[in-house]
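> I would like the atomic coordinates for the input below:
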Amino acid sequence: MPEPRKAHPYYLYDAIHAQPSLIEKVLARRAAIERAADAVAAKERITFVGIGTSLHAAQLAEFWMRDRSAGRIRIHIEQPFELVHYPVALGRDDAVIVITHTGTTTWSIEALRMARAAGALTVAITGEMSGEAIRGADFHLETCDQEASFAYTKSYTTALAAIAILVLRVAERRKLLAEAKSFDALAHVPTLMSKALALEPQVREFARTMATLSRINLFGSGAVWATAREAALKIKESCYIAAEGFETEEILHGPFSEVDSRVAIIGLLTGNSGDDRGRAILRAAGELKTLRAAIAIPPANREISAEQIFVVPESAGWLAAFVHLVPLQLLTYYMALERGLNPDTGRQDQPAHAAAAKHYKY
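Modelled structure (predicted):
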């Protein structure tokens with residue numbers, strides 16, 4: 001690991017800004033990813049496996065496969081700990097795709113071994129210079145260099161780029177790709193993310209208000225449900241603020257009871273049919289004197305009741321997972337700075353957390 005930084009710019013900041021160029025590199029390696037996808041397409045069942053940030057990537061893989069094939073390809077997702085301890089029957093008709101940036105995550109490795117022992121086709125999606133054990137997969141797809149920050153950022157979005165190629169190719173090979181221009185749309189992601197980074201001054205200003213709150217709730221549907229969950233995880237890791245990411249309708253079924261003036265709520269609007277419900281939730285939160293923010297593409301930026309609206313570049317709905325994430329990453333970073341925190345450490349530099357870490361390993 002490189003030497004810790006003690007001031008802005010921290011490693012997390014560098015990772016956020018590096019994403020467009022790193023994703024371009026992944027997209028340029030499309031042929032290698034498609035070879036793995038061709039093998040996966042021949043299997044009857046596809047299982048994506050991940051934990052933490054990688055679980056959110058697996059969630060998006062499931063959504064993308066459903067969305068890009070008009071629901072004609074069925075896959076499922078698993079957490080590796082659950083898969084190992086409460087296994088499903090795997091065999092030669094299965095493809096198991098394990099997502100782990102370091103390639104050293106204990107239960108991800110065990111899940112891969114279990115799948116191989118059962119005769120399943122295995123694919124590992126990892127960062128560069130990953131752990132040796134994960135390299136036993138039938139296909140090993142590398143994304144980017146290892147993270148220097150505890151809060152994984154570039155590893156998430158580059159893994160998403162690789163997964164998107166894989167998903168599109170599987171649907172194409174099965175002659176189920178619902179939209180022929182999907183690959184062209186994916187090629188524009190680096191440019192869209194670069195444009196979203198221009199929101200940084202606006203985000204930095206809003207972070208001053210957000211950083212004082214005790215809890216942050218985020219919500220979204222479709223492609224940005226996983227984005228809401230991923231952003232909440234990063235807020236926990238870097239800012240040490242309680243945060244939760246919900247599916248749009250889910251937030252009304254219990255979680256809304258905790259919403260009050262001590263809470264911020266962030267809605268992700270993508271121009272899909274769920275946006276009207278999202279607008280209603282933001283209006284309702286206003287009755288509770290809750291600080292409200294929204295992230296929306298231009299066509300969805302209407303009739304939004306919020307104290308802050310971040311307008312991101314318009315993208316295909318399924319690609320909102322990339323674009324809507326950028327202001328949330330920047331918001332997390334600047335909230336950490338406002339709270340006087342180093343967003344890279346995940347508290348591993350604090351004696352109590354270091355002592356606690358001795359009782360477990362990843």
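
> so Ser184 versus Leu319, what's the distance?
That one is not Ser; residue 184 is Asp. The gap separating Asp184 from Leu319 is 11 Å, by C-beta to C-beta, to the nearest Å. Heads up, the C-betas are built off the backbone N, CA and C, glycines and all.

> who's more crowded, those two?
Neighbour count, other C-beta atoms under 10 Å: between Asp184 and Leu319, Leu319 has more, with 21 against 10.

> isn't that one right next to Val189, touching?
Yes. Taking C-beta atoms under 8 Å as the definition, Leu319 is a contact partner of Val189 at 6.0 Å.

> list the buried ones in the longest helix along the chain?
Counting residues, the longest helix found in the chain (DSSP state H) is helix 154-173. For helix 154-173, burial by neighbour count (16 or more other C-beta atoms under 10 Å) applies to 154-173.

> where does the spatially closest residue to Pro190 that is not a sequence neighbour sit, in terms of helix or strand?
Using C-beta to C-beta, 6 or more residues apart in numbering and skipping residues adjacent in sequence, the residue nearest Pro190 is Pro20, 4.0 Å away. In this structure, Pro20 sits in helix 11-28 according to DSSP states H and E.

> same question for Ile97.
strand 94-99.

> quick one: that strand to helix 154-173, angle?
Strand 94-99 runs at 160 degrees relative to helix 154-173, counting by axes from the mean of the first three to the mean of the last three C-alpha atoms, to 10 degrees.

> check which helices and strands the helix or strand where Ala294 lies sits against.
Element membership of Ala294, judged by DSSP H and E, is strand 291-296. Where contact means 3 or more C-beta pairs under 8 Å, 6 or more residues apart in numbering; DSSP states H and E, strand 291-296 is packed against helix 200-210, strand 263-269, helix 275-286, strand 308-311.

> the stretch 51-200 of the chain: helices as residue ranges?
53-68, 80-85, 106-117, 154-173, 182-187, 189-196, 200-210 (DSSP state H, counting those that start in this stretch).

> contacting residues around the last one?
Outside of helix 200-210, the residues within contact range by C-beta atoms under 8 Å, 6 or more residues apart in numbering are 216, 264, 291, 293, 308, 310, 327, 330-331, 334-335, 337-338.

> what residues sit buried inside it?
Residues of helix 200-210 classed as buried by neighbour count (16+ other C-beta under 10 Å): Glu200, Gln202, Val203, Arg204, Phe206, Ala207, Met210.

> over to the fifth one?
Of all the residues in helix 182-187, those buried under the rule 16+ other C-beta under 10 Å are Ser182, Phe183, Ala185, Leu186.

> dump those residues to TSV, plus distance to Val88 and pLDDT.
Shown next, in TSV, are these (distance: C-beta to C-beta, whole Å; pLDDT from 0 to 100):
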residue	distance to Val88	pLDDT
Ser182	30	96
Phe183	32	96
Ala185	33	97
Leu186	31	98
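
> pull the most distant pair out of those residues.
Pairwise distances across the buried residues of helix 182-187 peak at 7.3 Å for Phe183 and Ala185 (criterion: C-beta to C-beta).

> list just the nearest of the buried residues of helix 182-187 to Val26.
Leu186 (10.3 Å).

> on that earlier part again, need the residues that contact the helix holding Pro20.
With contact meaning C-beta under 8 Å, 6+ apart, helix 11-28 is reached by 2, 5, 33, 143-144, 147-149, 151, 153-154, 157-158, 161-162, 165, 186-187, 189-191, 193-194, 197, 238, 322, 326, 329-330, 333, 336, 343-344.

> of those residues, just the buried ones, PyMOL syntax please.
Of the contacts of helix 11-28, the buried ones can be selected in PyMOL as follows, counting by 16+ other C-beta under 10 Å:
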select buried, resi 5+33+143+144+147+148+149+151+153+154+157+158+161+162+165+186+189+190+193+194+197+238+322+326+329+330+333+336+343+344
